[in-house]
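> Need a 3D model of the sequence below.
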Amino acid sequence: MVTLLAPLATQSGVRDLYISEDRYLFTVTSAGVSIIDLYMSEVISSGIPPGIATCVTVDTSAPVRKFYVGTSGNGIFSGPYNLAIHSSGLEFSSYLTLAFSTGTSPAILSDYINSLSAANGGLLISSSVGVDFITNSLLGASRTVTSGSSSCVLTNTGEAYWTVVNSGIETCYNILPSSGTGVIPVSFQYDALTSVPPLPSNVINDIAVSKTAYNTLGFATGVGGFIVREMQGSEGASLYKSLFSSDNISSVSFSSQAAYDSGRVYLVGAVDMKIFSLSDNTVFETYNSESGPRGQTLASGTLSKVRTSSSA
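Below you'll find the model as predicted:
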């Protein structure tokens, strides 16, 4: 009998979450990687990569159909997406293969992976040394940053956002031409000292992007949540606002189709998760391990990452 990793609610050390197809929750915990069917509320498959898993992302675009697992010293491993979500009870450790490392071709900057984001065959990688971008045809580019990068987002239209540890956010509005050139260019840098709009803090723990008519950016900062309606090329005209001030925010996520002034944003603080209505910037709901709306509380030990489905 195959023993699956314990459900998320009983795990400690939650490191990363990714929701695919609005149904499959890929979770990275201290025990490894679990895939939970949100419709059935049960673990359907799980596995343990070589080394310690740190992050996960999924690319469901054809012909890729893979999930990627980053590790703390062993690079990035990939697994067969279709097999993992359709084989109930599967232990997929033996199906994980090394995708990228400092010794592969193309090589990446570091084997210590902090964050992954995939879209349309492209993979954006935040590591202890900087950021890498690799296409499905194995063309790549990178950018070294002195203190490393802890979080990144790649959009379906080829925009890239990544943190620079203790130095804000760098962006590339069209990362695709950089593939194969060796260097990722920077279109704009958000920071607390020189950029307009200015960040409330250069400590950025997490990034979220909601694409509607324009990009709405959510930054989890060391002193609160920060929301930007981005005006690419005219960044000084971007609208911005702070939420949940004076608290160190570890994670941020938007509801489906959220915009600067509509929908909701989820912000995880030190002791609770607050859901803000973006239409009036007020707290819509609060969750913690002791209380929550409709009797739904947060399981102890899971307050580190938030990711939402379209029902959020």
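
> who touches whichever strand or helix holds Y68?
Element membership of Y68 [criterion: DSSP states H and E] is strand 66-71. Contact partners of strand 66-71, identified using C-beta atoms under 8 Å, 6 or more residues apart in numbering, comprise 18, 20, 26, 28, 33, 49-59, 76-81, 84, 96, 99, 111-116, 118, 123, 125. To be clear about C-beta, it is placed using only N, CA and C from the backbone, and glycine gets the same treatment.

> Among these, name the ones in strands.
Taking DSSP state E, the ones among the contacts of strand 66-71 that sit in strands are 18, 20, 26, 28, 33, 53-59, 76-80, 99, 113-116, 118, 123, 125.

> give the contact list for E230.
Contacts here follow C-beta under 8 Å, 6+ apart; on that basis E230 touches Y214, N215, T216, L217, S238.

> Then R65?
For R65, the contact set (C-beta under 8 Å, 6+ apart) comprises D59, P80, Y81, N82.

> Which ChimeraX command selects the buried ones in the residues you listed?
Applying 16 or more other C-beta atoms under 10 Å to the contacts of R65 leaves a buried subset, and the ChimeraX line that selects it is:
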select :59,80,81
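
> where does the stretch 201-312 of the chain have low pLDDT?
Counting by pLDDT under 70, the stretch 201-312 of the chain contains low-confidence residues at 298-303, 311-312.

> so how far is T71 from the residue lying closest to I184 once chain neighbours are set aside?
Leaving out its chain neighbours, the residue that sits closest to I184 by C-beta to C-beta, 6 or more residues apart in numbering is R143, at 4.1 Å. Shown here: R143 relative to T71, a distance of 21 Å by C-beta to C-beta, to the nearest Å.

> cool, and D261?
D261 sits at a distance of 40 Å from T71 (criterion: C-beta to C-beta).

> okay, these two: which has more neighbours?
Residue environment comparison for D261 versus T71 gives the larger neighbour count to T71, 21 against 15, counting by other C-beta atoms under 10 Å.

> how about the nearest residue to S115 once chain neighbours are set aside, what does it touch?
The shortest distance from S115 to any residue other than its chain neighbours is 3.9 Å, reached at S126 (C-beta to C-beta, 6+ apart). S126 sits next to I113, N114, S115, L116, G148, S149, S150, S151, C152, W162, T163 when contact means C-beta under 8 Å, 6+ apart.

> What subset of the residues you listed is buried?
Buried members of those, counted by 16+ other C-beta under 10 Å: I113, N114, S115, L116, G148, S149, S150, S151, C152, W162, T163.

> Show me which residues of the strand or helix carrying Y240 are buried.
In the assignment (DSSP H and E), Y240 maps to strand 239-243. Neighbour-count burial for strand 239-243, with 16+ other C-beta under 10 Å as criterion, is recorded at Y240, S242, L243.

> for stretch 242-251, same thing?
Buried residues in stretch 242-251, counting neighbours by 16+ other C-beta under 10 Å, are found at S242, L243, F244, D247, N248, I249, S250, S251.

> Please determine how far G292 is located from K274.
To K274, G292 is 11 Å away according to C-beta to C-beta.

> Who has more neighbours out of the two?
K274 (20 against 15).

> my guess is the more buried one is in a strand, correct?
Yes - assignment of K274 by DSSP: H, G, I helix; E, B strand; the rest coil places it within a strand.

> Hmm, I169 and P198 touching each other?
No - if you go by C-beta atoms under 8 Å, P198 and I169 don't touch, sitting 11.8 Å apart.

> any shared contact partners between these two?
Taking C-beta under 8 Å, 6+ apart as the contact definition, P198 and I169 share the neighbouring residues D191.
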